[in-house]
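J.: mind looking at a prediction? Sequence and model below.
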Amino acid sequence: MAAKIPATVVTGFLGAGKTTLIRHMLANANGKRIALIINEFGDLGVDGDILKGCGDETCTEDDIMELSNGCICCTVADDFIPTMQKLLARENKPDHIVIETSGLALPQPLVRAFNWPEISTKVTVDGVITVVDGKAVDEGVFAHNVAAVDAQRKLDENLDHETPLSELFEDQIACADMIVVNKADLLGEAQADALVAKLKAEARGGVQVVRASHGALPVDVLLGQGIGSEADMTGRDEVHHGHHHHDDDHDHDHDHDGDHHDHDHDDFESFVVSRDEVSDPKAFAAQVSDVIRAHGILRLKGFVAVTGKPMRLTVQAVGPRVDHYFDQPFGANPRETRLVVIGQAGLDRAAIEAALQA
Ligand SMILES: Nc1nc2c(ncn2[C@@H]2O[C@H](COP(=O)(O)OP(=O)(O)OP(=O)(O)O)[C@@H](O)[C@H]2O)c(=O)[nH]1
């Protein structure tokens, strides 16, 4: 029987740097054939487009499979298994499979899915890599909750003091075989050291915590961990069994009528804003940053048409930090400006649209 193909799950909060890390991995794969499964939140395949733009010969568009309808966590039965089967049925099998989860998905249901009979004989989870936005965590965006909540939880299993954001963060840490403290370039040495120590203390025993800038880690560090994570769910399970339950009673066969997913993802929403061409990228970035601040948007990304420029402008914002750069010509893609906006439920869509279109 052929050896099982190793699959690495890359998880991490919105904007932590998963796509950047994977892109670096693909560009430095040393001939290893890596198949990528991307799972995006929102209806614009930005990450897929960014990865397709990488132009590396090991990264043919054909190797990219994208689940366009939201979170793997919800769709694992409907979408993930067939995607995997399609991948495994190919003549030219990959050496390694990398799955990028949506920044709002929990890794646990995905890892469990590898125990399903249809795929468990052919694939195994090499390891779960959790990418952390070192800068954001250092600024206490999630970390202060994690410590406090953990103390609370020890006192009373049923207490529910968390916001959905900190729950996601905790669950992503709990499931990790390796934690990458990314954006180290934005941290001082001492800050980075302290963060690494703190995450080591929060993670399961023996979990490696490494730091990185722009996800630049050797492929040999990331791949080939050989953990077999799906066979070892102990301690990896979702932390919150009291009030919230991520999937213990999340029945994948039912619950598709769309009205009551008992699910943390309901606390998030995502929509696309289109607009006319932009004349000044820098001014537009500042405008985007203002809108993000004013409306508490978590993540905004997409492509922008700039007057007189054949290249598309990629805009990427994580909180109010906005990156913008020309990445490649629009090519076959329509020359339009489309931005995905992601935030907690209750965003003022009309006001955000108006402000971004101004
Ligand atoms: N300064 C700095 N910026 C980074 C680093 N890694 C990623 N970024 C930037 O952070 C933004 C988000 O990076 P992505 O790789 O798209 O993050 P992601 O986790 O895939 O995001 P989602 O798919 O939205 O969850 C981009 O603008 C990146 O250029 C880093 O190490 N340092």
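T.: Thanks, I have it.

J.: so where's the stretch 251-358 of the chain shaky on pLDDT?
T.: Low-confidence segments of the stretch 251-358 of the chain (pLDDT under 70): 251-267.

J.: that one: strands as residue ranges?
T.: 268-275, 299-305, 311-318, 321-329, 337-344 (DSSP state E, counting those that start in this stretch).

J.: how about the stretch 101-250 of the chain?
T.: Applying DSSP E, counting those that start in this stretch to the stretch 101-250 of the chain gives strands spanning 123-133, 178-182, 208-211.

J.: any weak-confidence spans in the stretch 101-250 of the chain?
T.: Low-confidence segments of the stretch 101-250 of the chain (pLDDT under 70): 141-165, 239-250.

J.: show me what from it comes close to the ligand.
T.: 103, 182-183, 185-186, 213-215 (CB under 6 Å from any ligand atom). Glycine gets a C-beta too; all of them are placed from N, C-alpha and C.

J.: find the closest residue to the ligand in the stretch 201-350 of the chain.
T.: Q316 (3.2 Å; CB to the nearest ligand atom).

J.: that older thread, got the strands of the stretch 251-358 of the chain as CSV, with mean neighbour count columns?
T.: Formatted as CSV, the strands of the stretch 251-358 of the chain follow (neighbours: other CB atoms under 10 Å):
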stretch, mean neighbour count
strand 268-275, 17
strand 299-305, 23
strand 311-318, 20
strand 321-329, 15
strand 337-344, 21
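
J.: how far away from the center of its chain is stretch 93-107?
T.: A distance of 9 Å separates the centroid of the chain from that of stretch 93-107, by CA atoms, centre = their mean, to the nearest Å.

J.: so for it, first residue to last residue, what's the gap.
T.: This stretch, stretch 93-107, spans 24 Å end to end (CA to CA, to the nearest Å).

J.: spit out the contact partners of the residue of the stretch 51-200 of the chain found nearest the ligand.
T.: Nearest to the ligand, among the residues of the stretch 51-200 of the chain, is G103, at 2.8 Å (CB to the nearest ligand atom). By CB atoms under 8 Å, 6 or more residues apart in numbering, the residues touching G103 are 12-16, 18, 41, 299, 342.

J.: near the ligand, which of these show up?
T.: Filtering these for neighbours of the ligand using CB under 6 Å from any ligand atom leaves 12, 14-16, 18, 299.

J.: sorry, back to before: quickly list what the residue of the stretch 201-350 of the chain closest to the ligand is bridged to.
T.: Note on Q316: beta-bridge partners by DSSP bridges are K301, D323.

J.: I'd like to know how far it sits from L222.
T.: According to CB to CB, to the nearest Å, Q316 stands 22 Å off from L222.

J.: what does S166 give?
T.: In terms of CB to CB, S166 sits 26 Å off from L222.

J.: N182 too?
T.: Distance of N182 to L222, given as CB to CB: 12 Å.

J.: any shared contact partners between the two?
T.: L21.

J.: I figured I129 hits V180, correct?
T.: Yes. With contact defined as CB atoms under 8 Å, I129 and V180 form a contacting pair (6.2 Å).

J.: give the contact list for the residue of the stretch 201-350 of the chain closest to the ligand.
T.: By CB under 8 Å, 6+ apart, the contact set of Q316 is 15, 300-301, 322-324.

J.: model confidence for I34, exactly?
T.: For I34, the pLDDT comes out at 88.

J.: show me what contacts it?
T.: By CB under 8 Å, 6+ apart, I34 lies in contact with 25-26, 58-59, 63, 94-98.

J.: angles on the backbone of it, please.
T.: phi -110, psi 130 (degrees, to the nearest 10).

J.: where's it relative to the ligand, distance?
T.: Separation of I34 from the ligand (CB to the nearest ligand atom, to the nearest Å) stands at 16 Å.

J.: just want the most central residue of this structure.
T.: Of all residues in the chain, the one closest to the mean position by CA atoms, centre = their mean is G103, 3.2 Å from it.

J.: hang on, the earlier thing: and the strands of the stretch 251-358 of the chain: which comes nearest A190?
T.: A190 sits nearest to strand 321-329 of all these, at 21.6 Å, using CB to CB.

J.: could you check the angle that closest one makes with strand 123-133?
T.: Strand 321-329 and strand 123-133 are oriented at 120 degrees to each other (axes from the mean of the first three to the mean of the last three CA atoms, to 10 degrees).

J.: packing partners for strand 321-329?
T.: helix 281-295, strand 311-318 (3 or more CB pairs under 8 Å, 6 or more residues apart in numbering; DSSP states H and E).

J.: what lies in contact with the first one?
T.: By CB under 8 Å, 6+ apart, the surrounding residues in contact with helix 281-295 are 278, 297, 300, 304, 306, 313, 315, 317, 319-322, 324, 339, 343, 347-348, 351-352, 355-356, 358.
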